[in-house]
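Colleague: Next input, structure requested:
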Amino acid sequence: MAQLKKPKILVVGSLVMDLIVSTPLFPSKGETVIGSGFQTAPGGKGANQAIQAARLGASVTMVGKIGEDGFGAQMRESLIASGVDIAHLMVHKGVSSGVGNVQLETSGGKTSNRIIVVPGTNMTITPAEVAFLKETISDYDMVILQLEIPLEINRLVAEYAVEKGVPVMLNSAPYAPLPASLLEKLSYISPNEHEAEHMTGIAVKDEESARRAAERLRSMGVANALITMGSRGAALETAEGFCYSPCIPDVEVQDPTAAGDSFVGAFCTAVCRGLPYEKALRFSNYTASLTVSRMGAQPSLPLLQEVLAFMRSRGESVEEWEPLLRDS
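Modeller: Model prediction:
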């Protein structure tokens, strides 16, 4: 195994305040139902992934934009509390911070979600505001991007990273058509099963269909394709071959929000640490399983010691992970 080290990760992405409504039944069109609970929690794919990586011991810098409002202040404080560097967190006056309407349906012992995101300030980031990265991006071991900010910003940051030899992970969510000029710059892409189907035309239902979809993604120019499949686990196709990691069994799902973000943050941290792909996938599955067992986006994201304790409780050896705990 490669030398374990504390990685430096740059996240350029979104910050969204989640407004979470729980209900025993999603309403149909034109229907009103009585909900069972309400809460708010900081979220947004970029911020979630940044905080998860930081809580797992990475040194993380977040580039994004919030509004001059109460939600923006709460999201800023959440990043600070997790040790994320916010020196490049921008404030845009006159536009609201991003918000997400998260609906949770709990029925028959299962929980599913529907999410509507209103991007707000996330979509006001300009090329001039990220131009400084052209000179500083080489300071990082990996760049993480998502699709809740302008596509031109993702393309520009990916271009900066490639020029300096820095690997780029794009969490291609929510789904949007992606140009070849961006795909060919990606070291990793990480759609979930629904997004992978949109991109490839292959319905991802099991390990075999995930392998075919991941192969199709690589044929589109991406170096490595990671597909998360919720309760079906995760699959990774690389030039060296195919890896599949089943989900962790017997985990009671409270809220699936941020599960994919948790997985991506954990995977990038593990890979930057020098861990082989199979172990990185397993570690990420444990991390995401803890996330879904809790409510909210960022409040549910676990610390490294919590993930290792969970792994021990399931009989997993964590001896090789101890150096990560010591320097986190």
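
Colleague: Okay, strands next: where are they in the chain?
Modeller: Under the criterion DSSP state E, the chain contains strands at 8-12, 16-23, 37-43, 59-67, 85-92, 98-107, 110-118, 142-146, 168-171, 188-189, 224-228, 234-238, 241-245.

Colleague: For those strands, which has the smallest mean pLDDT value?
Modeller: Note on the strands of the chain: strand 110-118 shows the lowest mean pLDDT, a mean of 86.

Colleague: what distance separates it from the middle of the whole chain?
Modeller: 16 Å (Cα atoms, centre = their mean, to the nearest Å).

Colleague: In terms of secondary structure, what does it contact?
Modeller: Helices and strands touching strand 110-118, by 3 or more Cβ pairs under 8 Å, 6 or more residues apart in numbering; DSSP states H and E, are strand 98-107. To be clear about C-beta, it is placed using only N, CA and C from the backbone, and glycine gets the same treatment.

Colleague: May I see the buried residues of the strand it packs on?
Modeller: For strand 98-107, burial by neighbour count (16 or more other Cβ atoms under 10 Å) applies to Gly98, Val99, Gly100, Val102, Gln103, Leu104, Glu105, Thr106.

Colleague: Which positions within stretch 82-100 qualify as buried?
Modeller: Using 16+ other Cβ under 10 Å as the test for burial, stretch 82-100 gives 82, 84-86, 88-89, 92, 95-100.

Colleague: Pull the contacting residues for Asp69.
Modeller: By Cβ atoms under 8 Å, 6 or more residues apart in numbering, the contact list for Asp69 reads Ser96, Ser97.

Colleague: Sorry, slip of the keys, the one I care about is Ala280.
Modeller: Ala266, Phe267, Ala270, Val271.

Colleague: Export these as a markdown table, with columns for distance to Gly230, pLDDT and neighbour count.
Modeller: Putting these into a markdown table (distance: Cβ to Cβ, whole Å; pLDDT from 0 to 100; neighbours: other Cβ atoms under 10 Å) gives the following:
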| residue | distance to Gly230 | pLDDT | neighbour count |
| --- | --- | --- | --- |
| Ala266 | 15 | 97 | 30 |
| Phe267 | 15 | 98 | 31 |
| Ala270 | 20 | 94 | 26 |
| Val271 | 21 | 96 | 25 |
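
Colleague: and of these, the nearest to Ile137?
Modeller: Val271 (17.7 Å; Cβ to Cβ).

Colleague: separation between Asn155 and Thr269?
Modeller: Actually, residue 155 is Arg rather than Asn. Separation of Arg155 from Thr269 (Cβ to Cβ, to the nearest Å): 25 Å.

Colleague: Equivalent analysis for Ser59, please.
Modeller: Distance, Ser59 to Thr269, using Cβ to Cβ: 10 Å.

Colleague: For the two, indicate the residue with more neighbours.
Modeller: Thr269 (32 against 17; other Cβ atoms under 10 Å).

Colleague: Same list (the contacts of Ala280) but as TSV, adding distance to Gly64.
Modeller: What follows is those, written out as TSV (distance: Cβ to Cβ, whole Å):
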residue	distance to Gly64
Ala266	20
Phe267	20
Ala270	23
Val271	22
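
Colleague: For Met123, state which of those is nearest.
Modeller: Once Cβ to Cβ is applied, the member of the contacts of Ala280 that ends up nearest Met123 is Phe267, at 26.4 Å.

Colleague: Fine by me, we can end here.
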